[in-house]
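Participant: what shape does this take:
(chains A and B)
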Amino acid sequence: MTEARKHLLSIAAVFAISLFFLAYPFYVIRPFRYQGPHELPVALAILHWRPGVEMVCAATAIVAGYLFWRTKSKLLAKIGVTIAVLVVCLFAGLSRVNIFEIMFHPMGRPSFEAANETKLDGAEMVMAVNLNGEARAYTIRSVSYHHIVNDEVGGVPIVATY
Amino acid sequence: MLSREIDGLKLTFHLSGINNQNFLMRDEQTGTYWQQINGVAVSGPLAGKVLKLIPSDELTLALWKTEQPHGTVLKDVATYASKYSNRDWDVRMKKAPTVLSFAEHGLKPRDLMLGIQAFGVARAFPYEAVMQEKLIKDHVGPEGVILVVGPDDKSIRVFHTKSDFYRASENGSFFLMDSATGSKWNFQGCATEGSAKGACLERVEVIKDYWFDWLRSFVGAGYGALAADGFGESFAEGAGGVEHPAADCFFGRVGGEGERGEDGEKG
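Facilitator: Model prediction:
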């Protein structure tokens, strides 16, 4: 096998691996899609390892692409390889994107106001807690968008979710 | 509402996925994935752990302010306020498709239920039935409970009691009354007048959830699809050889004399 072919195979392999690691969790973990009891843990495991795998794939693709350019292959082939390497690098970048937090922005550090100062409508539904004498209410209208509020009430770290 | 502490770690959560219509959270500290509705870790270094449920209420802000005038309220994040849901979000979501169904129980997947896990069993009550009746006396396992709709006609609390209670109002003021002593009780479950004054009923935690999600999350085994066939069999066979916790589902109104009350009338 020629050197050029070896590098091409390397790039093809890391392209396929990085595409699989990027796409499989997106495919499985979708709203309104049934997730079987076996595919979800596989998808989550892939998510766990994905950043590292994608970085290795990108590094491998870059090295293989550089070595391919040093061969006597045709210019068109070299351009094709460059595009493939860039796509693998793009996959590596996309693998760090949390699509769910793009759809529903995280609340970040929550801020509060006194009950007697709020201008919110009394008909708002809230989730309320009372811990160690401290009472706090979270409007369902806002938490149903952000979904998660990391907080501390009465010295107790809690997470309000909806 | 869940605790963020487990095994000495204080976790910070991010929205990270969805599992059969219930979302997944991922903590920054260990990378573990957690199911939102029941706090079960489904994947990662802490898989199998369960976050502690923090007692909480769902009620109108106006009612909450009367009970907790010195409390604090979450402020809207101005940047995203235009994206916030309308107040009837859970009602509108009833029309959304589901991926799980347990048709053998005669309930629609997105029927809202009041799920209780207490006294060794799990039991769910149809939300609409409770809202209609205003006060239901029933049991969870061997223990008596009452499910009470609050003076805002939106909030529901559950109390552990075997006594007969009635929901009443006087001069626009809401109260509960027990038939044993004739004492008046507030919506926080504490007696304010009468021979029982000062006593408080034990609160029982209740979760408002869609039927398919509650059944899967609190009665089924772990995450992923509940083996609906297996679950159906346990009901049909009288729960012989059931591996998961005993489950019992309330499908209709509580009937019978003396078991429901509304505005002081004995049912």
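Participant: C-alpha only now, for contacts and for neighbours.
Facilitator: Will do.
Participant: contact partners of the lowest-mean-pLDDT helix or strand in chain A?
Facilitator: One helix or strand of chain A scores below all others by mean pLDDT, DSSP states H and E: helix A:99-103, with a mean of 86. The contact list for helix A:99-103, computed with Cα atoms under 8 Å, 6 or more residues apart in numbering or on different chains, reads B:14, B:15, B:16, B:17.
Participant: ok, which of those also contact chain A?
Facilitator: B:14, B:15, B:16, B:17 (Cα under 8 Å from any Cα of the partner chain).
Participant: now neighbour count, pLDDT and distance to residue B:161 too, for the residues you listed, in TSV please.
Facilitator: Formatted as TSV, those follow (neighbours: other Cα atoms under 10 Å in any protein chain shown; pLDDT from 0 to 100; distance: Cα to Cα, whole Å):
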residue	neighbour count	pLDDT	distance to residue B:161
B:14	26	95	39
B:15	26	93	38
B:16	17	92	40
B:17	25	91	40
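Participant: could you identify the most distant pair in those?
Facilitator: Set against one another by Cα to Cα, these have their most distant pair in B:14 and B:17, with a gap of 9.3 Å.
Participant: so what sits against both of these two?
Facilitator: Residues touching both residue B:14 and residue B:17 by Cα under 8 Å, 6+ apart: residue B:25.
Participant: center of chain B - which residue?
Facilitator: For chain B, the residue nearest the mean C-alpha position is residue B:207 (1.9 Å; Cα atoms, centre = their mean).
Participant: buried stuff in the least confident helix or strand of chain A?
Facilitator: Residues of helix A:99-103 classed as buried: A:100, A:101 (neighbour count, 16 or more other Cα atoms under 10 Å in any protein chain shown).
Participant: that helix: what's the following helix or strand?
Facilitator: strand A:112-114 (DSSP states H and E).
Participant: for that next one, the distance to its chain's centre please.
Facilitator: 32 Å (Cα atoms, centre = their mean, to the nearest Å).
Participant: again, but for stretch B:169-180
Facilitator: Worked out by Cα atoms, centre = their mean, stretch B:169-180 lies 24 Å from the chain centre.
Participant: closest one to residue A:114 out of the contacts of helix A:99-103, please.
Facilitator: Within those, the smallest distance to residue A:114 is 26.6 Å, found for residue B:14 (Cα to Cα).
Participant: got a list of what the closest residue to residue B:6 other than its chain neighbours touches?
Facilitator: In this structure, residue B:6 finds its nearest non-sequential neighbour in residue B:51, 6.7 Å apart by Cα to Cα, 6 or more residues apart in numbering or on different chains. Shown in contact with residue B:51 (Cα under 8 Å, 6+ apart): B:2, B:3, B:4, B:5, B:6, B:38, B:39, B:40, B:41.
Participant: 7 Å instead?
Facilitator: With contact set as Cα atoms under 7 Å, 6 or more residues apart in numbering or on different chains, residue B:51 has these partners: B:2, B:3, B:6, B:39, B:40.
Participant: which residue sits closest to the most centrally placed residue in chain A, ignoring its sequence neighbours?
Facilitator: By Cα atoms, centre = their mean, the mean C-alpha position of chain A lies nearest to residue A:98, the distance being 2.8 Å. Among residues not flanking residue A:98 along the chain, residue B:16 sits closest, at 6.8 Å (Cα to Cα, 6+ apart).
Participant: and residue A:24, by the same measure?
Facilitator: residue A:43 (6.6 Å).
Participant: what helices and strands are in contact with the helix or strand encompassing the one you found?
Facilitator: For residue A:43, the host element (DSSP H and E) is helix A:39-69. Applying 3 or more Cα pairs under 7 Å, 6 or more residues apart in numbering or on different chains; DSSP states H and E, one finds that helix A:39-69 contacts helix A:3-28, helix A:75-94.
Participant: make CSV out of those and add mean pLDDT.
Facilitator: Shown next, in CSV, are these (pLDDT from 0 to 100):
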stretch, mean pLDDT
helix A:3-28, 94
helix A:75-94, 95
